[in-house]
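Student: This is the structure alone, sequence omitted:
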């Protein structure tokens, strides 16, 4: 089944065309430049940008997908390699024609920013009605889990499902440990009680005057001092006995520590400060993951979310799992870690197999605090 997927949960306007786990086309418009001067995502600006770019992004991905649907093109216009420029259809006409090969539409309905989610849902409903397609509603977080099995248009890499898995999801908005026992079967074992890990890193970067998004900057600074941990910040909840996370207290501790330092001291120790904060965040994540492995006995780990792009976290994660004889599956391509529509389409493929379509388009609504499971 060929699916057009739409994702607008936060500050990425994204669309993709997938067949099962194979991604035929992917397009993303990032709003980072819009929000960077404000030090974080501004919901009203995010909504406006989604509204301005969503048609363009969908058209773009349909055109991209055409090279993976050569049979359709050959039937309609002849072999694409022989087309002369004078007879090549317009971009809009081509996108519309490729749309006729789409079987259904998928869209993120939560969690996320309410007014951002609304844009994607409205567009998905509009297209479903216009082209008489079935619609699938997808949880953003299940998309991050299924991203680990994403393939390129040629069907690579090939990775079979071997349940059960522990899923570690680390992003700007969420930090969760999830039992992924079978297709579309999830149980949240632990999650953040306040700030997410990515959010904590961004806030620490703001306190250090590093701008937004701050996670990548902190990663680079920490690399330059070989990931020193000179300041020994607290590791909240590591002895709580459960699998939940908390990063708000760590951020507060960091704030008061910086308040006691002069600007000259902060500038001189900037790299060490960034490194110490990052190590504290990663310690919390990895200690909880280790507890989850011990409690469940599951040694197959899948990871997702934008923070998973951090190379220091990946190295430490592999080291931890090696000690426990466990294996890890990362999303095979970097774009599958951050917010994207391909992961939404992949998850939707498994929902389509079970016939989990939206029964009444009018009743589908955004669920900003949607909970996985």
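Tutor: Here it is on my side, so go on. A quick note: this is a predicted structure, and the numbers were derived from the prediction, not measured.
Student: For the rest of this, base every contact and every neighbour count on C-alpha atoms.
Tutor: Will do.
Student: Low-confidence regions, this protein specifically.
Tutor: 67-95 (pLDDT under 70).
Student: Okay, domains of it per the record?
Tutor: 2-157+336-363, 165-331 (automatic domain parsing).
Student: for the chain, longest helix please?
Tutor: helix 270-296 (DSSP state H).
Student: by contact count, what packs against that one?
Tutor: When contacts are defined as 3 or more C-alpha pairs under 8 Å, 6 or more residues apart in numbering; DSSP states H and E, helix 270-296 sits against helix 197-207, helix 215-224, helix 311-323.
Student: could you redo the last one with a cut-off of 6 Å?
Tutor: Judged by 3 or more C-alpha pairs under 6 Å, 6 or more residues apart in numbering; DSSP states H and E, helix 270-296 is in contact with helix 215-224.
Student: how about the strands of this protein, start to end?
Tutor: 2-7, 12-19, 22-30, 104-110, 134-139, 165-170, 175-182, 185-191, 300-304, 327-329 (DSSP state E).
Student: for the last one, which positions count as buried?
Tutor: Of the residues in strand 327-329, those buried by neighbour count under the rule 16 or more other C-alpha atoms under 10 Å are 328, 329.
Student: Pairing partners for that strand, with directions?
Tutor: strand 300-304 (parallel) (DSSP bridges).
Student: circling back to that earlier point, rebuild the strands of the chain as TSV, extending it with distance to residue 344.
Tutor: Converted to TSV, the strands of the chain look like this (distance: least, C-alpha to C-alpha, whole Å):
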stretch	distance to residue 344
strand 2-7	6
strand 12-19	8
strand 22-30	11
strand 104-110	7
strand 134-139	6
strand 165-170	15
strand 175-182	16
strand 185-191	16
strand 300-304	13
strand 327-329	18
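Student: what's the closest of those strands to residue 267?
Tutor: strand 165-170 (28.8 Å; C-alpha to C-alpha).
Student: now what about the closest one, what contacts it?
Tutor: With C-alpha atoms under 6 Å, 6 or more residues apart in numbering as the contact definition, strand 165-170 has outside contacts at 175-180, 300-305, 307.
Student: same thing with stretch 279-296?
Tutor: By C-alpha under 6 Å, 6+ apart, stretch 279-296 touches 235, 243.
Student: Tell me if I'm right that residue 104 and residue 3 touch.
Tutor: Yes. Using C-alpha atoms under 6 Å, residue 104 is in contact with residue 3, at 5.2 Å.
Student: who has more neighbours, those two?
Tutor: residue 3 (30 against 25; other C-alpha atoms under 10 Å).
Student: that older thread, nearest to residue 220, out of the strands of the chain?
Tutor: Closest approach to residue 220 among the strands of the chain (C-alpha to C-alpha): strand 165-170, 18.5 Å.
Student: Mind listing the strands the closest one pairs with, and their directions?
Tutor: When DSSP bridges is applied, strand 165-170 pairs with strand 175-182 (antiparallel), strand 300-304 (parallel).
Student: looking at those strands, which is closest to residue 268?
Tutor: Of the strands paired with strand 165-170, the one closest to residue 268 (C-alpha to C-alpha) turns out to be strand 175-182, at 31.6 Å.
Student: what angle do that closest one and strand 185-191 make?
Tutor: 160 degrees (axes from the mean of the first three to the mean of the last three C-alpha atoms, to 10 degrees).
Student: what's in contact with strand 175-182?
Tutor: 163-169, 186-192, 196.
Student: Max pairwise distance over those: which two?
Tutor: Across these (C-alpha to C-alpha), the longest gap, 26.8 Å, separates 163 and 196.
Student: Which residue of the two possesses the greater neighbour count?
Tutor: residue 196 (23 against 13).
Student: mind listing what that one touches?
Tutor: Contacts of residue 196 by C-alpha under 6 Å, 6+ apart are 172, 173, 174, 175.
Student: Pull the number of nearby residues for residue 11.
Tutor: Neighbour tally, residue 11, other C-alpha under 10 Å: 26.
Student: Is it in contact with residue 31, as I believe?
Tutor: Yes. Under the criterion of C-alpha under 6 Å, residue 11 makes contact with residue 31 at 5.4 Å.
Student: which residues touch stretch 357-373?
Tutor: 109, 110, 111, 112, 113, 114, 135, 136, 186, 187.
Student: Contact partners for residue 158?
Tutor: With C-alpha under 6 Å, 6+ apart, residue 158 has no contacts at all.
Student: Could you rerun that using 8 Å?
Tutor: With contact set as C-alpha atoms under 8 Å, 6 or more residues apart in numbering, residue 158 has these partners: 149, 151.
Student: same check, this time on residue 29
Tutor: By C-alpha under 8 Å, 6+ apart, the neighbours of residue 29 are 12, 13, 14, 53, 57.
Student: Of those residues - the most surrounded one?
Tutor: Neighbour max across those (other C-alpha under 10 Å) = residue 13, 32 neighbours.
Student: Kindly provide the distance from the closest residue to that one other than its chain neighbours to residue 287.
Tutor: The shortest distance from residue 13 to any non-neighbouring residue, by C-alpha to C-alpha, 6 or more residues apart in numbering, is to residue 29 (5.0 Å). In this view, residue 29 and residue 287 are 35 Å apart by C-alpha to C-alpha, to the nearest Å.
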